[in-house]
Structures are given as C-alpha cells and as structure tokens.
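Colleague: please find the sequence and the predicted model below.
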2 protein chains.
Amino acid sequence: MFDLNELEQFIAFADLGTLSKVSEQFHISTPTITRSMQHVEEDFGVPIFSRSKNKIELNETGHKAVQCAKAILNETVRAKREVKEFNEHLKTIVVKSCAPAPLWRLLPALSGAFPEMTISSHICPIPEILADLREKKCDVALLPFKVEDSSWHVSPYMEEHLSICIKKEHELAHHKQVSFSDINGFNFLLRSKIGFWDSMCRDKMPSSKFLVQTNDFEFDELVKNSSLPCFTTDVVLANGMPYSDRISIPIIDSEAKVTFHLVTSVSMINFLPAPATT
Amino acid sequence: MFDLNELEQFIAFADLGTLSKVSEQFHISTPTITRSMQHVEEDFGVPIFSRSKNKIELNETGHKAVQCAKAILNETVRAKREVKEFNEHLKTIVVKSCAPAPLWRLLPALSGAFPEMTISSHICPIPEILADLREKKCDVALLPFKVEDSSWHVSPYMEEHLSICIKKEHELAHHKQVSFSDINGFNFLLRSKIGFWDSMCRDKMPSSKFLVQTNDFEFDELVKNSSLPCFTTDVVLANGMPYSDRISIPIIDSEAKVTFHLVTSVSMINFLPAPATT
DNA sequence: TATTATTACGTTAGGCGTAAAGATT
DNA sequence: AATCTTTACGCCTAACGTAATAATA
C-alpha cells in the first residue's frame, strides 16, 4: 500500500534529480530517502529506477509512475477539499432573493434563529433562483410570486409597493398616484442591485432611460442634487422620506405591488419566522 | 496525510456498521480500529463521526468522506495498474499484420532477435493498422503496400501470390492461369482469419459467394470432401500441395500478387531481420 | 576532493495488542 | 450477560539518523 509521504518525496525526486536534494528539501537524511524510493518501487511492483553505483534515475516506467503518483496526491487533496466544503455547507444557510428588501427582515431573523449557522445571501435573477432551488443549491429563496411545487414550503412573507420619488416641483407632483404608462418616457436614477425591480421597470417603461448608480453614496448625492426622478418603496419609506425636497407617489399598476414568497425545503418550516400579518 | 490502510478500514466500517466487525474482518484489535478512525477523522480535518458512549456512526459529512475515501483508493489501484501495464508494454513488441503469411516468418525472427520480449501479434483490418501506427499502438506493422511517412521505416518484406485450389476434374483445371473475372461467380470455401485477402476476394469477385469456415480442421475436411474451389498461395504451397486430388492455378491479376511491407519505428531498424532477397 | 547512493547499526518513536473500564441493550 | 467503544499500558517492530563504504566526476 502506498505511503503518501513517500509519494511526495518520489515526485520531488523527479523534480530535483538527486536523493540528496530531496533529503535537504524534506529535512530528512539521505538513507531515509533511499528507503522511501525503495518502498515506492516496491509498492508499484515494477522497476521504476535505473541505478548505477552512485547515481539513481527514473527509467521510462518511472516517469509514468511520477504522473500516476501526482494523480493519486491530487485525488487526495481534491477529496479532502470536497469533504471540507461539504462540512462548511452543512453549517451555512444559503439564501437567494430576487430583491433586497425582504432580506432586510429575513437575514436578522435567520441569524437569530440559527446563531451557530453561517448565513450566505445573494440577490440574483429569478431564473437562477428557480434553478438553484431545483438543484438544492439554496436553502431559502425569496421570489415575487408563488411557486407550485409540493417538495417546497411556500408562504407569503411580505409586500413591497413601488413608488416614484420626485421633486415637489415636478410636473407629476400633484398626482395622488401614477401608472407606468404615465411615467413611461421619463428618465430615472436607479440604484444597481435592486434585483428584479430593475428588469421590471425596463419592461414596463420601455421609453424611459435609467441612469444606474453602483455606489450608494453617489446615488444619494445625485438624488439630492438633481431633479431626476427615482424610485422608492413603502418598505424604504417606513423609516421616513430621506429626501426633504421630494415626495413619493405610489404606482397604481398591479405589478408595482409585489408579495414576496418565502420558499424553503420542508424540513426548515418550523425554524422560520412567522409570516407577515397583513 | 492519509494512511491508505486506515482509509480501507474506514470504508469497511461504513459497510459493516461497527468497529468490532471491522476488527475481525481485518484481524486486528478494536483499539487499533478506534485509533485508525481517529486518524482518518483527523486527516480529513472535520468531524465525520457522531459518537455516543458505546456507539459510533458516520455523520452526514462522514458519508461524503466515505465516497471520497473510495475515490482515493480507486485512484491508487488505477495508478498502480497503469504503471504495471506500461511496464508490460515496454516488454512486448506489438505486431499488427494484414495477413497471416508474413507472420509465419516474422514472429520466429522477432522471438529470436528479442528473446526477452513478449511478442504480441494480431491480424486486423488495414485501416486499423494504419490508425494504430499513427497512435503508436503497434511497434511493427505488415501491410500489402508501401507507407509514405518519414517517421517510419518501411521495407519490402516478402511476396505472396494467390492461387485457386480446385479439384483436378474442375472445369477450370486445364487453365494455366486464371483471372478474377474468370472465377467471379464460382462459390468458394474460405478460411476465416486470412486478413485482407477476405475483403479483396469479395471485392474482386462480387458475384461469388464465400463459405467461411472458422475452424481449420473443419475447413480441411470440407476441402477434402467437397468439390468446392478454395484458395491457396505460393507461400502455403512452398511446403507442397496438401490436397492430393487438387491442383493450384495462379491468379494473373496484379492484385493477386502482393508485396508485404514491414513498417517499424525508426529506432527498431537495426534489430529487424534482413528483407527478403528476391 | 566533493558529491552521491547505499549499507550497517544503534536508538527511539509510534503502532499494536492485552487488559480493563464505562456504557448500552 | 453480552456487546461495543475507548483508555491505559507495556512490548516490540520498524523508521530514523549517524557513521561508514564505495563509486563517480
């Protein structure tokens, strides 16, 4: 049976060319290396060295043996990593959401319910979330609609209602409510990383252009120092309107009011926070 | 670093369920198995067992670890086999021929020239021989034509001339020579394993049918006890006509007279028998 | 002479088994 | 009581290093 340490020495010998160099690299004596190479040769069961009196080198089979030794060691590190990653995965709850708002409620709740677990969350496109659910690559998903699949537990989690956020002097400021068709054509400032809201806006307002800001600070500065309209939601406004010279006007279309659904494997039902009471 | 013996015990434990059973299967004491499992767990670096006072079992990660341990051991046996086969291959000369006759001369010559080598020979279709030459899967090839490739040493080796072998009473018996068109339409007894001659006959005599005999003894009996024509060659007839009531008539077509060419890697030139002197 | 591989040999670390303890069914 | 895992402990193998040998460049 192979000794993995000896295989490492064997591979080092293939690199270094002499047993002496291997011995100093591994900080062990040359007789030990000599014995190791004898063991490796014995383990392979065929001659892999050509020896003269004070010279030892790989024969043709030996070079093949080096490749194979590397393959064995690679397999061991791969196996070790796979087990380690599996173990880590057991200790993490993977959350995938279509939008940021429900995460603001869910992540603290999960952390509280599973203090020993790592919570990993990611905002990503809806098709990716559905694929990850099927492939069991995520434990909890947040989607803007119901999922019909008996292998999953689906429950409404919270609502979010989209509004426009405009200057008090804006021509639309007198409206009590607007529809996507009213605002289609206006150009908007838009945060990045707002999940599915992004594609929804582009879909419902094909004539508008969106100035996407990656950086939150820069977005804030632009909102404060321009008259460009932007979006907000009731969830955000629960903490008050952050821009004193702006008002929010809700969008009346049904698509602007979504109910996020929590999708989990059945086994997690009992551990999840209670759904929102409306 | 993993100990492969311990990994085997680990896999056995996954099968058997208790350390005691592993200990008796491996004929070692239970404390040793206990220590082995501790080593394996330490080597993987993550918990793979769930232990109670007198019960030890795999946890979820442990089951993954078993798969990985199997993968490691599989890799070791694969590697060992690959090196062994490589070593065997070094000690064998692989000969591929398009027909049996040149092998009758070549194989004894090779055995004499390389007494320490194993000679492996096979009659196979010409395209397969060419492919094996390119992929270096054979060391010596016998083909019925020249090969134009500077990476190979090609030399004419011997000739073979096809004849028909018919009863003295046969309607063709008075011919001094025949052509394929003369004999096209007659049905022939045919040995199997005559290499490319088989496809050549079918090609040149599309109206004929061939009664292929796998067994040499049965072929002989059929030739003796029927009036069906068959084939023979000058190489065979060098030892005399084996069937007293038959005669041989050479086929005049150029395709019936082939020159076998010996194709070898350049490095073997010096070791090969001298080409036939014509 | 310096470098290299290998053998001889004494020492010691570590692996194994026996015995026993502790726990469960 | 029987079975199972683990600890304690002593023995002994086998792996290591030092020293020496032999051969080469």
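Modeller: It's in.
Colleague: for residue A:129, which non-adjacent residue is spatially closest?
Modeller: Sequence neighbours aside, residue A:96 is the residue nearest to residue A:129 in space, at 4.7 Å (criterion: CB to CB, 6 or more residues apart in numbering or on different chains). (Each C-beta comes from the backbone N, C-alpha and C, glycine too.)
Colleague: the one you found - that's part of a helix, no?
Modeller: No. Using DSSP: H, G, I helix; E, B strand; the rest coil, the assignment for residue A:96 is strand, not a helix.
Colleague: scan chain A for its longest helix.
Modeller: helix A:60-90 (DSSP state H).
Colleague: ok, the residue nearest to residue A:129 - contacts?
Modeller: A:121, A:122, A:123, A:124, A:128, A:129, A:132, A:133, A:138, A:140, A:141, A:142 (CB atoms under 8 Å, 6 or more residues apart in numbering or on different chains).
Colleague: spatially central residue for chain A, please.
Modeller: Closest residue to the average C-alpha location of chain A: residue A:122 at 5.4 Å, with CA atoms, centre = their mean.
Colleague: just the buried subset of the contacts of residue A:96, please.
Modeller: Among these, those buried by neighbour count (16 or more other CB atoms under 10 Å in any protein chain shown) are A:121, A:123, A:124, A:129, A:132, A:133, A:138, A:140, A:141, A:142.
Colleague: okay, now the unreliable bits of chain A?
Modeller: A:266-278 (pLDDT under 70).
Colleague: at 50 instead, please
Modeller: A:276-278 (pLDDT under 50).
Colleague: now residue A:198. Nearest residue, chain neighbours left out?
Modeller: residue A:190 (6.8 Å).
Colleague: what number of residues lie near the closest residue to residue A:209 other than its chain neighbours?
Modeller: Nearest residue to residue A:209 in three dimensions, chain neighbours excluded: residue A:187, at 4.6 Å (CB to CB, 6+ apart). Neighbours of residue A:187 under the rule other CB atoms under 10 Å in any protein chain shown: 13.
Colleague: and residue A:253, by the same measure?
Modeller: Residue A:253: 16 neighbours (other CB under 10 Å).
Colleague: can you tell me how far it sits from residue A:174?
Modeller: Between residue A:253 and residue A:174 the distance is 19 Å, computed by CB to CB, to the nearest Å.
Colleague: same check on residue A:19?
Modeller: 90 Å.
Colleague: which one's more surrounded, these two?
Modeller: residue A:19 (18 against 8).
Colleague: re the thing from before, got the phi and psi for the residue nearest to residue A:209?
Modeller: phi -90, psi 140 (degrees, to the nearest 10).
Colleague: could you give me the buried positions within stretch A:30-45?
Modeller: A:33, A:36, A:37, A:39, A:40, A:41, A:43, A:44.
Colleague: among the residues you listed, which are in helices?
Modeller: Going by DSSP H, the helices hold A:33, A:36, A:37, A:39, A:40, A:41, A:43, A:44 from the buried residues of stretch A:30-45.
Colleague: separation between the residue nearest to residue A:129 and residue B:81?
Modeller: Between residue A:96 and residue B:81 the computed distance is 44 Å (CB to CB).
Colleague: what does residue A:107 give?
Modeller: Distance, residue A:107 to residue B:81, using CB to CB: 52 Å.
Colleague: the more surrounded of these two?
Modeller: Between residue A:107 and residue B:81, residue A:107 has the larger neighbour count (other CB under 10 Å), namely 16 against 12.
Colleague: mind giving me the packing neighbours of the helix or strand hosting the more buried one?
Modeller: Using DSSP states H and E, residue A:107 falls within helix A:101-113. Identification of packing neighbours for helix A:101-113 by 3 or more CB pairs under 8 Å, 6 or more residues apart in numbering or on different chains; DSSP states H and E yields strand A:92-97, strand A:118-123, strand A:140-143, strand A:152-167, helix A:234-237, strand A:257-265.
Colleague: paired strands for the fourth one, with orientation please.
Modeller: Using DSSP bridges, the neighbouring strands of strand A:152-167 in the sheet come out as strand A:230-233 (antiparallel), strand A:246-250 (antiparallel), strand A:257-265 (antiparallel).
Colleague: what residues of the second one count as buried?
Modeller: Of the residues in strand A:246-250, A:246, A:247, A:248, A:249, A:250 count as buried by neighbour count, 16+ other CB under 10 Å.
Colleague: turn those into CSV, columns for distance to residue B:210.
Modeller: Putting these into CSV (distance: CB to CB, whole Å) gives the following:
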residue, distance to residue B:210
A:246, 95
A:247, 97
A:248, 92
A:249, 92
A:250, 90
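Colleague: these into a markdown table, with extra columns for distance to DNA strand D?
Modeller: Formatted as a markdown table, the buried residues of strand A:246-250 follow (distance: CB to the nearest atom of the strand, whole Å):
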| residue | distance to DNA strand D |
| --- | --- |
| A:246 | 66 |
| A:247 | 68 |
| A:248 | 63 |
| A:249 | 67 |
| A:250 | 63 |
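Colleague: so which of these comes closest to DNA strand C?
Modeller: residue A:250 (61.6 Å; CB to the nearest atom of the strand).
Colleague: quick one: contacts for that closest one?
Modeller: Per CB under 8 Å, 6+ apart, neighbours of residue A:250: A:161, A:162, A:163, A:177, A:178, A:234, A:256.
Colleague: any idea how far the closest residue in space to the fourth one that isn't next to it in sequence is from chain B?
Modeller: Translated: residue A:177. Leaving aside its chain neighbours, residue A:177 sits nearest to residue A:252 (4.6 Å; criterion: CB to CB, 6+ apart). To chain B, residue A:252 is 50 Å away according to CB to the nearest CB, to the nearest Å.
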